[in-house]
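Engineer: model this:
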Amino acid sequence: MEATEDRAPGRIINPLSEGRLVAAPFTGLPKGSPSVHLDALRGFAAFSVLLNHWRDAFFTDYGSIAHPGFAGTLAYVATGLGRQWVIVFFVMSGYLVGGSVLRSVNSARWSWPDYLLARLSRLYIVLLPALLLGGTLDWAGMHLAGTQAIYSGRSGMHALITDVHAGLTIPALVGNSFFLQTIVLPGMRGRAVPVFGSNGPLWSLCNEFWYYLAFPLLVLLLAKGRTWRRRLLCGLGLLTWEWFVGHSIALLGIPWLMGALIVYLPSISLRRVWVRGLAVSSVLLLLAAGLVLSRWLDSLFGEILLGAVVALLIWVTLSCPTTPLPSVYVHIAHRSSRSSYTLYLVHFPMLIFLKAWFHEPRSLPGMHTLLVSAGILLGVLLYAQVVYEVFEKNTDRLRGWLKLHLMQGQRA
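Structural biologist: Got it, this is the predicted structure:
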């Protein structure tokens, strides 16, 4: 999922306080080892979503295994948490993107053009290639012999139960390009805009984009020093937003909002080694329990509960002092975080294409299936890294070019 930091320095101050400005405990961006740990969490979340789809594509459901054993049960639990890791993304995105909004409003630097340029350049530099590459892979896969069941949604996978042919259309491509997938538009007789082709994970990008629009409206509505006309416009904007996106998208924004509000939690001291160890181990256990419980409940309540746990984890991580970390861990954390958005957006069509290419059905865990599917998993990871190098890695360069050519007239 897309989430990025605002590189501008500055303290985060509560712009909503009416009597006085109240400094939040976490100022600016996380630095040192807390930043590395959050990078690792974001990278691991993207990989876990891929792992969930990989297991779903090549292995039968847990209930079909006669004697799974402890290791098998643990493996199925660990690889069965796709949507739950998306909630983790939502909370992290709320903390990072929401924090950038609060900093801009507080320092009187807020600008809709600047904000939208930053967000849209970040989103589109990966989204447009992902749509075109994914559509090409789907089209090629559907023309392979013996792949009708896969691309018709009859392979047994839980993540692909719809007919890909129906979603591989120009209207769906246009709709996904404007973040309309899963939204019921007027005149569609209750039918939502489908995701483009097989790329089901695109549902969450729709949520992200519309949260990006709603949160600044909420902050500007409540911030002090606003005229009643501007408050009224923001309020009407939020009401229109909720009517347009629907209740399910709006309510799932609660975990995102939890991430944005982390900056207002009181600071805690975790400098003592034993206190820090106890706090970190406890919150990691809570995260594991929250992931499993959310999967078991399979409800909005469970996802909100998981969001609260993730917010707690980020809060504890930010409270930890900077400590030395192994260079290998730092490198992997940074790399996996930077390419997490690309991995999330491009992995599924390639995974399905390779499954179709090798004619690998879902089967019981065995050495042959494990070796072939592991090779495919590695291939998907390498493919995502190539796409990252070509597109997402150049986000700052694209943003600078757009600022120079699109906004120079505005600033003149």
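Engineer: does residue 241 touch residue 213 like I think?
Structural biologist: Yes - at 6.6 Å, residue 241 and residue 213 qualify as touching, with contact defined as Cβ atoms under 8 Å. C-beta: built from backbone N, CA, C; applies to glycine.
Engineer: tell me the first helix or strand C-terminal of the longest helix seen in the chain.
Structural biologist: Scanning the chain for the longest helix, with DSSP state H as the assignment, gives helix 112-142. Following helix 112-142 in sequence order, the next helix or strand is helix 148-151 (DSSP states H and E).
Engineer: name the surrounding residues that touch the helix or strand following that next one.
Structural biologist: The helix or strand immediately downstream of helix 148-151 is helix 164-167, counting by DSSP H and E. The contact list for helix 164-167, computed with Cβ atoms under 8 Å, 6 or more residues apart in numbering, reads 138, 142, 151, 152, 153, 194, 195, 196, 197, 198.
Engineer: cutoff 6 Å now
Structural biologist: Contacts of helix 164-167 from elsewhere in the structure, counted by Cβ atoms under 6 Å, 6 or more residues apart in numbering, are 138, 151, 194, 197, 198.
Engineer: OK, contacts around the nearest residue to the fourth one once chain neighbours are set aside?
Structural biologist: Spelled out, it's residue 197. Sequence neighbours aside, residue 138 is the residue nearest to residue 197 in space, at 4.0 Å (criterion: Cβ to Cβ, 6 or more residues apart in numbering). For residue 138, the contacting residues are 164, 168, 197, 198, 349, by Cβ under 6 Å, 6+ apart.
Engineer: what do you get if the cut-off is 8 Å, keeping everything else the same?
Structural biologist: Residue 138 sits next to 151, 164, 168, 197, 198, 349, 352, 353 when contact means Cβ under 8 Å, 6+ apart.
Engineer: which of those residues lies closest to residue 130?
Structural biologist: For these, the residue nearest residue 130 by Cβ to Cβ is residue 349; the value is 8.3 Å.
Engineer: I'd say the closest one and residue 139 touch.
Structural biologist: No - assessed by Cβ under 8 Å, residue 349 is found out of contact with residue 139, at 10.0 Å.
Engineer: between the two, who's got more neighbours?
Structural biologist: Shown here are residue 349 and residue 139; by other Cβ atoms under 10 Å, residue 349 has more neighbours (29 against 16).
Engineer: hang on, the earlier thing: what about the longest helix of the chain, average pLDDT?
Structural biologist: Average pLDDT, helix 112-142: 97.
Engineer: what secondary structure does residue 330 sit in?
Structural biologist: The local conformation at residue 330, judged by DSSP: H, G, I helix; E, B strand; the rest coil, is helix.
Engineer: just checking, residue 334 touches residue 38?
Structural biologist: No - using Cβ under 8 Å, residue 334 is not in contact with residue 38, being 10.8 Å away.
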